[in-house]
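[1] whatever this is, show me its structure:
(chains A and B)
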Amino acid sequence: NAGVTQTPKFQVLKTGQSMTLQCAQDMNHEYMSWYRQDPGMGLRLIHYSVGAGITDQGEVPNGYNVSRSTTEDFPLRLLSAAPSQTSVYFCASSYRLTGNEQFFGPGTRLTVL
Amino acid sequence: TQLLEQSPQFLSIQEGENLTVYCNSSSVFSSLQWYRQEPGEGPVLLVTVVTGGEVKKLKRLTFQFGDARKDSSLHITAAQPGDTGLYLCAGNDYKLSFGAGTTVTVRA
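    Coordinates of the predicted model:
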């Protein structure tokens, strides 16, 4: 099993550009989440999904959109990139939303100029 | 404001020394998890503690969940360079909330 995969590994955007961060898992997990990690801030939840077709907002959802058309894929869209969105983004999946082990992808390092 | 406060923020010790990392909150959690993250990688689960007062041991790592389920500690005995990393605690209410992490460096 590949586990949780994320692409790209690195990305540089200009302010105002849009892009999609890809996330896929092959463990048949119902629950998937997107986090951002900033120095001194830990991991903050952006959006999460409890199954195909169902998504909800986390702690810091502004400026991001998600959709979940399949169990395997959970892309994160940046609508109009801003320098404040410079961060490392992690996708995670688990059997349940909480209480179970979260399996994390390797992360995407995004820089917005 | 972090729901979970971790201390210290940074810790640098010599190989063979012991260390303790703390995770504190004013909120009660149904369970608490500890993850370790190495540079350029995602966090990896070390342990989940569920019962107040619970103590779990994984080789040289000892995890304790406070009686009131608001705090936890991670103790490493005879630290090795391979223990170097970012240690994150995460509390479960209806979702997972992470602390800011403790960066541990073990010098050979």
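[2] tell me which element the most centrally placed residue in chain A falls in.
    The structure's chain A has its C-alpha centroid closest to A:W34; by C-alpha atoms, centre = their mean the separation is 2.9 Å. Using DSSP states H and E, A:W34 sits in strand A:31-38.
[3] quick one: contacts of that strand?
    By C-beta atoms under 8 Å, 6 or more residues apart in numbering or on different chains, the surrounding residues in contact with strand A:31-38 are A:21, A:23, A:25, A:43-51, A:58, A:60, A:64, A:66, A:68, A:74, A:76, A:87-97, A:102, A:107, B:96, B:98. Just so you know, the C-beta spots here come from the backbone N, C-alpha and C atoms, and that holds for glycine as well.
[4] can we see that at 6 Å?
    In this structure, residues lying in contact with strand A:31-38 by C-beta atoms under 6 Å, 6 or more residues apart in numbering or on different chains are A:43-50, A:74, A:76, A:87-94, A:97.
[5] overlap between these and the residues near chain B?
    A:L43, A:F90 (C-beta under 6 Å from any C-beta of the partner chain).
[6] of the contacts of strand A:31-38, just the buried ones, ChimeraX syntax please.
    To isolate the buried ones among these in ChimeraX, judged by 16 or more other C-beta atoms under 10 Å in any protein chain shown, type:
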select /A:43,44,45,46,47,48,49,74,76,87,88,89,90,91,92,93,94,97
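[7] just the ones of the contacts of strand A:31-38 in strands?
    A:43-50, A:76, A:87-94 (DSSP state E).
[8] right, and B:L4 touches B:G99 too?
    Yes. With contact defined as C-beta atoms under 6 Å, B:L4 counts as touching B:G99 (3.7 Å).
[9] now the common contact residues for these two.
    Any residue near both B:L4 and B:G99 by C-beta under 6 Å, 6+ apart counts here, and that gives B:C23, B:C89.
[10] can you find the helix or strand in chain B with the smallest mean pLDDT?
    strand B:96-98 (a mean of 88; mean pLDDT, DSSP states H and E).
[11] which strands or helices does the helix or strand that comes right after it pack on?
    Sequence-wise, the next helix or strand downstream of strand B:96-98 (DSSP H and E) is strand B:102-107. Taking 3 or more C-beta pairs under 6 Å, 6 or more residues apart in numbering or on different chains; DSSP states H and E as contact, the helices and strands that strand B:102-107 lies on are strand B:10-14, strand B:85-92.
[12] parallel or antiparallel, list what pairs with strand B:102-107.
    Strand B:102-107 pairs in its sheet with strand B:10-14 (parallel), strand B:85-92 (antiparallel), by DSSP bridges.
[13] and the strands in chain B?
    Per DSSP E, chain B carries strands over the ranges B:5-7, B:10-14, B:19-24, B:31-37, B:44-49, B:55-58, B:61-65, B:71-76, B:85-92, B:96-98, B:102-107.
[14] of those strands, which is nearest A:V4?
    Closest approach to A:V4 among the strands of chain B (C-beta to C-beta): strand B:44-49, 11.5 Å.
[15] how far is the closest one from where the chain is centred?
    Relative to the centre of its chain, strand B:44-49 is centred 9 Å away, using C-alpha atoms, centre = their mean, to the nearest Å.
[16] how big is the angle separating it from strand B:61-65?
    Following axes from the mean of the first three to the mean of the last three C-alpha atoms, to 10 degrees, one obtains 50 degrees for the angle between strand B:44-49 and strand B:61-65.
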